[in-house]
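K.L.:
predicted model follows, preceded by the sequence.
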Amino acid sequence: VRPGGEVHSFSRSLGDYGCTFTYSAQGGTNEQWQMTVGVSEDGGLFSCSIWRPQGKSYLFFTQFKAEVKGAKIEHAMAYSQAAVGAQSDIPLKQEEFEISETTVSHREGKFRFELSKLMIVAKTPRDEL
């Protein structure tokens with residue numbers, strides 16, 4: 001994750017599904033972040049996780065948006081601090097971010113600029129017989 005206030009984007013795909021993380025951040029140095037994508041064994045769920053393995057991020061996020069392609073979000077959560085050692089994840093307050101059918105993003109004026117982890121579980125379209 002690169003600071004400097006510019007908008008950056010990172011994407012990963014798996015088959016028909018994709019996840020794109022778009023953000024801008026200030027301060028700190030280049031932190032090591034990870035993105036993983038996966039599909040459940042039965043193909044019914046697509047997941048996308050973005051997080052800082054070291055736990056808390058010291059960047060000042062001015063905006064963030066995670067977008068899924070090919071699936072609809074069923075559950076999503078954003079955290080100001082990711083679990084590390086004995087500490088657990090600290091979720092953002094519900095008013096700090098919003099979830100739509102395909103995106104999770106900061107809420108202007110409510111988001112407190114802290115982000116360390118983002119998790120999305122989305123339902124893939126099924127062909128009913």
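P.N.:
Right, received. Where do you want to start?
K.L.:
hey, where'd the strands end up in the protein?
P.N.:
8-14, 17-26, 34-39, 45-51, 60-69, 72-81, 90-91, 97-99, 103-106, 117-123 (DSSP state E).
K.L.:
quick one: closest of those to V1.
P.N.:
strand 17-26 (6.3 Å; Cβ to Cβ). Using the backbone N, CA and C atoms, a C-beta is placed for each residue, glycine as well.
K.L.:
got the angle between that closest one and strand 8-14?
P.N.:
160 degrees (axes from the mean of the first three to the mean of the last three Cα atoms, to 10 degrees).
K.L.:
pipe the strands of the chain into JSON lines and attach distance to V1 and mean neighbour count per row.
P.N.:
Listed next are the strands of the chain as JSON lines, based on distance: least, Cβ to Cβ, whole Å; neighbours: other Cβ atoms under 10 Å:
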{"stretch": "strand 8-14", "distance to V1": "8", "mean neighbour count": "13"}
{"stretch": "strand 17-26", "distance to V1": "6", "mean neighbour count": "20"}
{"stretch": "strand 34-39", "distance to V1": "10", "mean neighbour count": "14"}
{"stretch": "strand 45-51", "distance to V1": "9", "mean neighbour count": "22"}
{"stretch": "strand 60-69", "distance to V1": "9", "mean neighbour count": "19"}
{"stretch": "strand 72-81", "distance to V1": "15", "mean neighbour count": "18"}
{"stretch": "strand 90-91", "distance to V1": "18", "mean neighbour count": "14"}
{"stretch": "strand 97-99", "distance to V1": "17", "mean neighbour count": "19"}
{"stretch": "strand 103-106", "distance to V1": "15", "mean neighbour count": "20"}
{"stretch": "strand 117-123", "distance to V1": "12", "mean neighbour count": "21"}
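K.L.:
understood, closing this out.
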